[in-house]
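> need a structure here:
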Amino acid sequence: MAIPSSPIGSTQAEDKTVTSRTPLSLLVVDDEQRALETLRRTLDDHFTVFTASSAEEGLHLMENEYIQIVLSDQRMPGTSGVEFLRSVRDRWPDTMRLILSGHTEAEDIIAGINEAGIWQYLLKPWHPDQLLLILQNAAALWRLQQENQRLTLELRASPETLALRVAKLRQKAKSQAGFDRLTRGSDSPLNAVCALAQKIAVHDLSVLVTGESGTGKELLARAIHYASERAEQPFVVENCGALPDTLLESELFGHKRGAFTGATESRIGLFQQADGGTLFLDEIGETSPAFQVKLLRALQEGEVRPVGSPRPVAVNVRVIAATNRNLEADVASGRFREDLFYRVAGITLNLPALRERPQDIAPIVAEILAQSALPGRQMSREAMNHLVGHSWPGNVRELQNEVRRALALGEGPLLGADLLSARVRHPAPAAGPAAGANDAESGLLRHQLERVEAQLIRETMARYKGNKTHVAQELGLTRVGLRMKLLRLGLDK
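Numbers count the residues shown, from 1 in each chain. Predicted structure coming up:
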């Protein structure tokens, strides 16, 4: 569908379709001929530049040419820049309007904004790169406005077509966020976690995802969302550890205009943006006890109160929280509220660290290589041995960076061990009494300890006939702690 060149009632010459590759037309109006020549030379490679030495000449030119951006001087003989742009606004309201002036009187700036609706007031002398960047931003904004108008017209003319397009995009998002995005082997410990996640996805339970940084907690949360009844609604993400309390409250709950210094307009919070869908609260363990009270109330009552608002707003949101902390220990120490813990931990899913699932390293590496710009490359046997033997404190994220480094440095089809970083080729010895033990020995010891732990829990469960309260008391655990261990050890059947 062609984009209308100007609104109904416009007198510009003719309608044309402007694509993203078509240079936009720029009209420069200035009474100084030297200034016009300099601006033309600077901008001619990026725009179709027209020039006029007066407002009257500029209006006449716009009646005969299709102009998208106007850059005008303010102080000119006869009609001023503000008066000229006011006329442009009345006749061609979609045109981007800017003033370039050597004068900084407040009256001119205010009149330009209020009367002429200018987008920016620029000052002389100007820097070529800066001026070009501003005009390119103006061009991008003009294109977005035209695209918005086009989509609005398309929606009115053919809502079915637009609905089909949205459905296709939503289906694409689902296909890119399924449980198979958690790349793993056939015997991976992740299989049990993903199976449980798929099982509970259709139930509107709150979920707590635990695990070290880089293990894929957000990927698991997205997979749960798109496997749930809320898949057609938004999936919204917030990192609770990235903001102080005041900003986090505004970000999640929203705020009213004037609620605090800098609140120049009202803002809808992420709870409302996620209404009907899923809100993923990453690093929830980093929130302060004071903020935890407000979050608990929002989850209990199903409503949020925007900062500065006298009335709460009802929301329907499924919360998936994530943390790399031991929240159970934080509850015991008083750092994390116990009632909030039970509210967000309707069910807990623990993502094992990459060092606990070395069988997943080869599939992950293969996927990264296949998705690279140069498919067909492979890791040498020596390089793979180093990758499998590394402890990966940064988990999957660190592994991705290591493989991408090898891809960037390598030249042939086979990527050798020399392309890996020194910390992977020559890992530092472990600290403490286990110094000198290699990663394989450490993994074997960990596996043996887990087998002993699992056997102890099985025997205790059998003795108390599955009564988890008595089992937890016998083992010196809380019920939550026991549940986490059962899940981690694959005993929660």
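> which SS class is Tyr28?
You called it Tyr, but residue 28 is Val. Judged by DSSP: H, G, I helix; E, B strand; the rest coil, the three-state class of Val28 is strand.
> is it true that it touches Phe50?
Yes: checked against Cβ atoms under 8 Å, the pair Val28 and Phe50 is within contact range at 7.2 Å. Where you see a C-beta, it was placed from the backbone N, CA and C, and this is true even at glycine.
> Neighbour count: those two, which is higher?
When neighbours are counted by other Cβ atoms under 10 Å, Val28 comes out ahead of the other of Val28 and Phe50, with 26 against 18.
> what's across from the more buried one in the sheet?
According to DSSP bridges, Thr51, Leu71 are recorded as the beta-bridge partners of Val28.
> So it versus Arg91, what's the distance?
The gap separating Val28 from Arg91 is 18 Å, by Cβ to Cβ, to the nearest Å.
> go on, Gly185?
Per Cβ to Cβ, Gly185 is found 67 Å from Arg91.
> what residue is smack in the middle of this structure?
A centroid search over the chain (Cα atoms, centre = their mean) returns Val237, at 7.1 Å, as the residue closest to the centre.
> Report the secondary structure state of it.
Each residue gets one of three states, and Val237 gets strand by three-state DSSP.
> That one is in contact with Glu218, isn't it?
Yes: if you go by Cβ under 8 Å, Val237 and Glu218 touch, sitting 6.7 Å apart.
> quick check: domain ranges of this protein?
By the assignment in automatic domain parsing, the chain contains the domains 25-154, 175-352, 355-428, 439-488.
> Format these as a markdown table; extra columns: mean pLDDT and distance to Leu164.
Conversion of those to a markdown table gives the following (pLDDT from 0 to 100; distance: least, Cβ to Cβ, whole Å):
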| stretch | mean pLDDT | distance to Leu164 |
| --- | --- | --- |
| domain 25-154 | 87 | 12 |
| domain 175-352 | 90 | 14 |
| domain 355-428 | 89 | 28 |
| domain 439-488 | 73 | 41 |
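> Go through the ones you listed and name the closest to Lys168.
domain 175-352 (10.6 Å; Cβ to Cβ).
> so how far is the first residue of stretch 200-219 from its last?
With Cα to Cα, to the nearest Å applied, stretch 200-219 spans 16 Å between its terminal residues.
> How far does that stretch sit from its chain's centre?
17 Å (Cα atoms, centre = their mean, to the nearest Å).
> buried residues in it?
200-201, 206-212, 214-219 (16 or more other Cβ atoms under 10 Å).
> what's the longest helix in this structure?
As assigned by DSSP state H, the longest helix anywhere in the chain is helix 128-157.
> So which elements touch that one?
In this structure, helix 128-157 makes packing contacts with helix 33-43, strand 69-72, strand 96-101, strand 120-123, helix 159-175, judged by 3 or more Cβ pairs under 8 Å, 6 or more residues apart in numbering; DSSP states H and E.
> what's next to the second one, contact-wise?
Read that as strand 69-72. Contacts to strand 69-72, defined as Cβ atoms under 8 Å, 6 or more residues apart in numbering, come from residues 24-30, 39, 47, 55, 58, 62, 81, 84-85, 88, 95-100, 122, 135, 138-139, 142.
> The same query, at a cut-off of 7 Å, please.
Contacts of strand 69-72 from elsewhere in the structure, counted by Cβ atoms under 7 Å, 6 or more residues apart in numbering, are 24, 26-29, 81, 84-85, 88, 95-100, 135, 138-139, 142.
> Check which residues of the longest helix of the chain are buried.
By neighbour count, and taking 16+ other Cβ under 10 Å as the criterion, the buried residues in helix 128-157 are 131-132, 134-135, 138-139, 142-143, 146.
> With stretch 76-86 instead?
Of the residues in stretch 76-86, those scored as buried under the neighbour-count criterion (16+ other Cβ under 10 Å) are 76, 79-86.
> ditto for stretch 53-71
When neighbours are counted by 16+ other Cβ under 10 Å, the buried residues of stretch 53-71 are found to be 53-55, 58-59, 61-62, 66-71.
> could I get the buried residues of stretch 76-86 as JSON lines with distance to Gly258 and secondary structure?
Rendered in JSON lines, the data for the buried residues of stretch 76-86 read as follows (distance: Cβ to Cβ, whole Å; DSSP: H, G, I helix; E, B strand; the rest coil):
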{"residue": "Met76", "distance to Gly258": "39", "secondary structure": "coil"}
{"residue": "Thr79", "distance to Gly258": "38", "secondary structure": "coil"}
{"residue": "Ser80", "distance to Gly258": "34", "secondary structure": "coil"}
{"residue": "Gly81", "distance to Gly258": "33", "secondary structure": "helix"}
{"residue": "Val82", "distance to Gly258": "30", "secondary structure": "helix"}
{"residue": "Glu83", "distance to Gly258": "34", "secondary structure": "helix"}
{"residue": "Phe84", "distance to Gly258": "35", "secondary structure": "helix"}
{"residue": "Leu85", "distance to Gly258": "31", "secondary structure": "helix"}
{"residue": "Arg86", "distance to Gly258": "30", "secondary structure": "helix"}
